[in-house]
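K.L.:
sequence isn't available, so here's the structure alone:
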């Protein structure tokens, strides 16, 4: 068993739980198993954990059981409602937390929902950090995520070494709620980049250029961010399994717009990208990767 070293004399992390073994949570649990951690987990759909169990994951029937069995429990779910479902009630994470344990939520949720769970965790004597990630499945598998953390510094130091098995950039950015707010800020840019790249690629293709050549040149140009360079092939060969589904991106843009409203600022490009994502969802792209904006724009253009 791997025993994670500590910063400033903080206790070692020996066992880790993962609640939510979906598109990102599953590879995350696999990464921890491969790093030698004692990994426990649960998921709403048990079948999704079969491969992980074959590789050593210890299965539990509820989030409460996972939280009670480990030093640190990580959760990664889709939205505020899902976070409430896995944390509250007699079978929730909060019911399994005790003094000294840590809950690290890596979900993309609203700052308000995250802060509420942190306050509830503190009532048990435990601590909660919000630590959403930037990156897709390949980055999870490589341990190359960008992780932004909100919460108290002492708790962050306790789990920083653990998080560095998952991310090459791990930064505490402020108190509870700060991590998820920064994640929403990042996703505004990701959505707008995906939309702008799709527009430019469609413009080049409809103008008679080879779209694959155009995508290659565009991704290698000044506009070629790491996200676009990694995802460029997907725009023209859309995978069945999404790295980042449009419906989740649309959800994050809604949360960003709500945060902007609370802070008295306008987010015009987020609003535009959100409206296009809504159209794409109506065309059947809800579960497809955000690279599907290229196909969706082509369909929308043909309907004009």
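P.N.:
It's in. Not measured: the values here are computed from a predicted model.

K.L.:
and the strands in the stretch 1-150 of the chain?
P.N.:
Assigned by DSSP state E, counting those that start in this stretch, the strands in the stretch 1-150 of the chain fall at 15-19, 38-42, 58-59, 72-75, 102-105, 127-130, 133-134, 145-150.

K.L.:
what sits against residue 273?
P.N.:
Taking C-beta atoms under 8 Å, 6 or more residues apart in numbering as the contact definition, residue 273 lies against 188, 191-192, 194-195, 253. No exception for glycine: its C-beta is placed from N, CA and C like everyone else's.

K.L.:
residues near the spatially closest residue to residue 300 that is not a sequence neighbour, how many?
P.N.:
Counting by C-beta to C-beta, 6 or more residues apart in numbering, residue 300 lies nearest to residue 279, which is 6.0 Å off, once chain neighbours are set aside. Residue 279 has 15 neighbours, counted by other C-beta atoms under 10 Å.

K.L.:
residue 279 touches residue 296, doesn't it?
P.N.:
Yes. Under the criterion of C-beta atoms under 8 Å, residue 279 makes contact with residue 296 at 6.8 Å.

K.L.:
need the longest strand for the chain.
P.N.:
Ranked by number of residues, the top strand in the chain under DSSP state E is strand 167-174.

K.L.:
contacts for that one next, please.
P.N.:
Contacts of strand 167-174 (C-beta under 8 Å, 6+ apart): 133, 135, 143-151, 153, 156, 160, 163-164, 179, 182.

K.L.:
which of those count as buried?
P.N.:
The neighbour-count test (16 or more other C-beta atoms under 10 Å) marks 133, 135, 143, 145-151, 156, 160, 163, 179, 182 as buried among those.

K.L.:
and these, which is closest to residue 199?
P.N.:
residue 135 (24.0 Å; C-beta to C-beta).

K.L.:
look up how far residue 89 lies from the closest one.
P.N.:
As for residue 135, its distance to residue 89 is 31 Å (criterion: C-beta to C-beta, to the nearest Å).

K.L.:
likewise for residue 171?
P.N.:
Taking C-beta to C-beta, one finds residue 171 at 33 Å from residue 89.

K.L.:
can you tell me the closest non-neighbouring residue to residue 241?
P.N.:
residue 23 (7.6 Å).

K.L.:
so what's the one you found up against?
P.N.:
Here residue 23 is in contact with 137, 241-243, 245 (C-beta under 8 Å, 6+ apart).

K.L.:
which SSE is immediately downstream of the strand or helix carrying residue 200?
P.N.:
Following DSSP states H and E, one finds residue 200 within helix 178-206. Scanning forward in sequence from helix 178-206 by DSSP H and E, the next helix or strand is helix 211-219.

K.L.:
okay, the residue most central in space within the chain: pLDDT?
P.N.:
The residue lying closest to the centre of the chain (C-alpha atoms, centre = their mean) is residue 133, at 4.8 Å. At residue 133, the model reports a pLDDT of 96.

K.L.:
do the same with residue 304
P.N.:
Residue-level confidence at residue 304 comes out at 75, pLDDT.

K.L.:
how close does the residue of the chain most remote from its centre get to residue 151?
P.N.:
Relative to the mean C-alpha coordinate of the chain, counting by C-alpha atoms, centre = their mean, the farthest residue is residue 208 (37.3 Å). Residue 208 is 53 Å from residue 151, where distance means C-beta to C-beta.

K.L.:
also residue 88?
P.N.:
Counting by C-beta to C-beta, the gap from residue 88 to residue 151 is 19 Å.

K.L.:
quick one: low-confidence residue ranges for the stretch 101-250 of the chain.
P.N.:
Judged by pLDDT under 70, the stretch 101-250 of the chain has no weakly predicted residues.

K.L.:
and with 90 instead?
P.N.:
Regions of the stretch 101-250 of the chain meeting the criterion pLDDT under 90 cover residues 135-138, 241.

K.L.:
what segments of this structure are helices?
P.N.:
25-34, 50-54, 63-69, 80-87, 93-96, 111-123, 137-142, 153-163, 178-206, 211-219, 226-236, 246-262, 268-280, 293-303 (DSSP state H).
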